[in-house]
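K.L.:
Just to be clear, the model below is a prediction. Sequence and coordinates:
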Amino acid sequence: MSGHSKWHSIKHKKGAADAKRGKLFTSLIKEITIAARIGGGDAEGNPRLRTAISTAKAANMPAENIKRAIQKGTGELPGLSYEDATYEGYGPNGIAVLIEAVTDNKNRTVSEIRHLFAKNGGNLGQSGCVSHLFQKKGLILVNKSTTDEDNLMTIALEAGAEDLKDSDEAFEVYTAPQDYDDVLEAIKKKEIPITFSDLSMLPQTTLKIEGKSVQQVLRLMESLEDHDDVQKVFSNFDIDETEMEKAVS
């Protein structure tokens with residue numbers, strides 16, 4: 001397990017997800033707003049909005065908050081004008097870092113992101129410097145204790161999944177972006193609990209990180225994810241279980 005799925009596992013063990021509920025809600029509201037602005041307020045005809053609403057509901061965001069975010073995106077309510085931004089760079093040991101953000105001020109955001117890279121042993125690069133190392137895929141994680149591999153594989157492949165991998169404590173289901181919703185829905189219909197699901201930028205190759213560099217990498221990842229404008233951070237690092245246990249202890 002590497003990159004985004006590895007980072008999700010680390011955050012789960014550190015308990016970071018619950019501690020940053022406020023940041024999560026802020027990010028989700030921005031994503032819903034921009035999705036509605038770009039593709040309209042009808043979730044049925046707007047896959048990005050549909051995914052954002054599903055994620056918000058899973059995080060127990062009140063329905064009224066979701067509705068207001070959509071209305072701000074469609075212009076029914078006044079609000080800030082958000083736009084997508086992507087940043088690319090390198091972290092400790094040369095790991096590739098790809099950032100998806102939503103901002104109302106690109107000049108401010110790029111300056112702050114550049115500072116976070118420099119502060120944590122990395123550097124912000126030019127557009128395109130690392131994006132070629134990643135591929136967009138649907139990623140669904142299912143805890144091994146909730147189902148067996150053969151059962152999950154049958155459900156996922158019949159719904160259009162590309163692959164299933166056995167990794168650490170979870171099964172990783174991979175899909176093409178256009179098949180993500182169908183596979184996710186098929187697994188949910190079988191009442192199999194999902195620990196994580198998202199459209200992710202997955203690394204095509206990974207870079208192993210050990211020793212002191214582990215903490216440096218994690219500090220960079222955490223500082224970037226803590227930024228108010230950052231929605232998602234992807235990387236190609238790989239940390240083995242022994243090193244990870246040391247890092248989160």
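P.N.:
Done, it's in. Numbering: from 1, shown residues only.

K.L.:
Flag every buried residue along the strand or helix carrying Lys137.
P.N.:
According to DSSP states H and E, Lys137 maps onto strand 134-143. Residues of strand 134-143 classed as buried: Phe134, Lys137, Gly138, Leu139, Ile140, Leu141, Val142 (neighbour count, 16 or more other CB atoms under 10 Å). To be clear about C-beta, it is placed using only N, CA and C from the backbone, and glycine gets the same treatment.

K.L.:
Tell me the one of these nearest Val102?
P.N.:
Nearest to Val102 among the buried residues of strand 134-143 is Phe134, at 18.8 Å by CB to CB.

K.L.:
who's in contact with that closest one?
P.N.:
When contacts are counted by CB atoms under 8 Å, 6 or more residues apart in numbering, Phe134 is found next to Gly3, Ala96, Leu98, Met201, Leu202, Pro203, Gln204, Phe234, Asn236.

K.L.:
follow-up on the earlier one: then the strand holding Lys137 to PDB, C-alphas only?
P.N.:
Output in PDB follows, covering the C-alpha atoms of strand 134-143 (Å, rounded to 0.1, in the frame of the first residue of the first chain):
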ATOM      1  CA  PHE A 134       0.200   9.500 -11.200                       C
ATOM      2  CA  GLN A 135      -2.900   8.000 -12.800                       C
ATOM      3  CA  LYS A 136      -6.500   8.800 -11.800                       C
ATOM      4  CA  LYS A 137      -8.400   5.800 -10.400                       C
ATOM      5  CA  GLY A 138     -11.300   5.100  -8.100                       C
ATOM      6  CA  LEU A 139     -10.000   3.600  -4.800                       C
ATOM      7  CA  ILE A 140     -12.200   1.700  -2.300                       C
ATOM      8  CA  LEU A 141     -10.800   0.300   0.900                       C
ATOM      9  CA  VAL A 142     -12.600  -2.600   2.700                       C
ATOM     10  CA  ASN A 143     -11.400  -3.900   6.000                       C
END
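
K.L.:
and it, which strands flank it?
P.N.:
Here strand 134-143 is paired, per DSSP bridges, with strand 170-175 (antiparallel), strand 196-203 (antiparallel).

K.L.:
worst average pLDDT in those?
P.N.:
Lowest mean pLDDT within the strands paired with strand 134-143: strand 196-203, at a mean of 88.

K.L.:
where's the helix or strand that comes right after that strand relative to the chain centroid, distance-wise?
P.N.:
Using DSSP H and E, the next helix or strand after strand 196-203 towards the C-terminus is strand 207-208. Mean C-alpha position of strand 207-208 versus that of the full chain (CA atoms, centre = their mean, to the nearest Å) differs by 20 Å.

K.L.:
Can you pull out the low-pLDDT segments for this protein?
P.N.:
Low-confidence segments of the chain (pLDDT under 70): 1-22, 247-249.

K.L.:
Apply 80 and report the result again.
P.N.:
1-23, 79, 167-169, 241-249 (pLDDT under 80).

K.L.:
residue ranges for the strands of it, please.
P.N.:
Taking DSSP state E as the criterion, the chain carries its strands at 83-90, 96-103, 123-124, 134-143, 163-167, 170-175, 196-203, 207-208, 230-235, 237-238.

K.L.:
quick one: contacts for Asn46?
P.N.:
Contacts of Asn46 (CB under 8 Å, 6+ apart): Ala35, Ala36, Gly39, Gly40.

K.L.:
How about Pro193?
P.N.:
With contacts defined as CB under 8 Å, 6+ apart, Pro193 is in contact with Val142, Asn143, Thr146.
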